Each structure stands twice: as C-alpha cells, then as structure tokens.
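S.K.: Sequence plus predicted model, see below.
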Amino acid sequence: VYITAGKDIFVKGQSAKAVYITSHGVCRYAFEASVLKPEPGTWISEPAIWLGGWRRRGTLTAQERVDLHVLNIVEFRNFLTVNFSFGSYACQYAEMVARGVHHSKIPFTQLSDMNLELDQEELAARAYEYTQDV
C-alpha cells in the first residue's frame, strides 16, 4: 500500500488490525517522548499478531510517500489454523513472545509498536527447534 506524505498510517490508541512492514520511503513513529524512523524491512506492530487486544502505542506518520506491506492479522491467523506446520511453529513462537513479555522489565503498557525488547531471533530459533522435536 502507498501512503502519501503527511498522512497518519495509524494513531496511538487504535486497535491493531494489521502489521506494517516498511518497504520504501520515510515514516516517523512517535512514542512517548521518542521519535523513531523505521528502516526498510521493519515490522511495525508485530506484537498484535502474538498478543491479543494490542492497541497502537504510538503514531506512525508518512514523512514522504511510503510503500508498506500490510499483513492482515485475522487473515494471517486464519492461514495458520489451516496450515499445520506453520501453525505449530507460530503457536510456539507466540507462547515464547507472551512469556518474554510477561517476564520483561518493561511494563506491558510501555511496550512500543516497534520493539518488544526481546531477542526475537533466539525465540524464533527455539520455536523452530521445538517443532522439529514434535
């Protein structure tokens, strides 16, 4: 999807219906007192896939024309339910993310759409290993 300069992609407090993956262009993510500019390939609001009821923690605005890939959360979850091998892995990963967030030093309400402060690569590797043992 293409977003024109100056448009809000989402605003703080909105229910997350999709995850955005940056492809091209510059956008600005304002969260509390910080401002971040996601690099191409950044997944924005990924926690919404794994943690139910996710609300946007900040506001994402296009600073110039931005190209984003959109992952609809409901459609993705439906895909996982009919594709066992992906679904099994995703369930393990989701459980590890939820556990990591629960044990995080950062309160849940202070987590951002940009970073859960978890080692997601390690979690992905552990989830994959678990599914290979089953």
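M.R.: Noted; the coordinates are in hand.
S.K.: Show me the residue at the heart of this protein, geometrically.
M.R.: In the chain, the C-alpha nearest the mean C-alpha coordinate belongs to Glu46, at 1.0 Å (C-alpha atoms, centre = their mean).
S.K.: mind checking the SS state of the residue lying closest to it once chain neighbours are set aside?
M.R.: The shortest distance from Glu46 to any non-neighbouring residue, by C-beta to C-beta, 6 or more residues apart in numbering, is to Val19 (5.5 Å). Using the backbone N, CA and C atoms, a C-beta is placed for each residue, glycine as well. At Val19 the chain is in strand, as set by DSSP: H, G, I helix; E, B strand; the rest coil.
S.K.: who are the neighbours in contact with Val19?
M.R.: By C-beta atoms under 8 Å, 6 or more residues apart in numbering, the contact list for Val19 reads Trp43, Ile44, Ser45, Glu46, Ala48, Ile49, Val70, Leu71, Ile73, Phe76.
S.K.: tell me the two of the residues you listed that are most distant?
M.R.: Greatest spatial distance in the contacts of Val19: Ile44 and Phe76, 14.6 Å, computed using C-beta to C-beta.
S.K.: Pick out whichever of those two has more residues nearby.
M.R.: Ile44 (25 against 15; other C-beta atoms under 10 Å).
S.K.: quick one: the more buried one and Asp113 touch, right?
M.R.: Yes - using C-beta atoms under 8 Å, Ile44 is in contact with Asp113, at 5.5 Å.
S.K.: joint contacts of these two?
M.R.: Tyr29, Leu60.
S.K.: distance of the residue nearest to the centre of the chain from Gln110?
M.R.: For Glu46, the distance to Gln110 (C-beta to C-beta, to the nearest Å) stands at 17 Å.
S.K.: ok, which stretches of this structure are helices?
M.R.: Secondary structure of the chain (DSSP state H): helices at 47-50, 73-82, 84-102, 120-133.
S.K.: how far out from the middle of the chain is the third one?
M.R.: Same thing as helix 84-102. Computed by C-alpha atoms, centre = their mean, to the nearest Å, the separation of helix 84-102 from the middle of its chain amounts to 14 Å.
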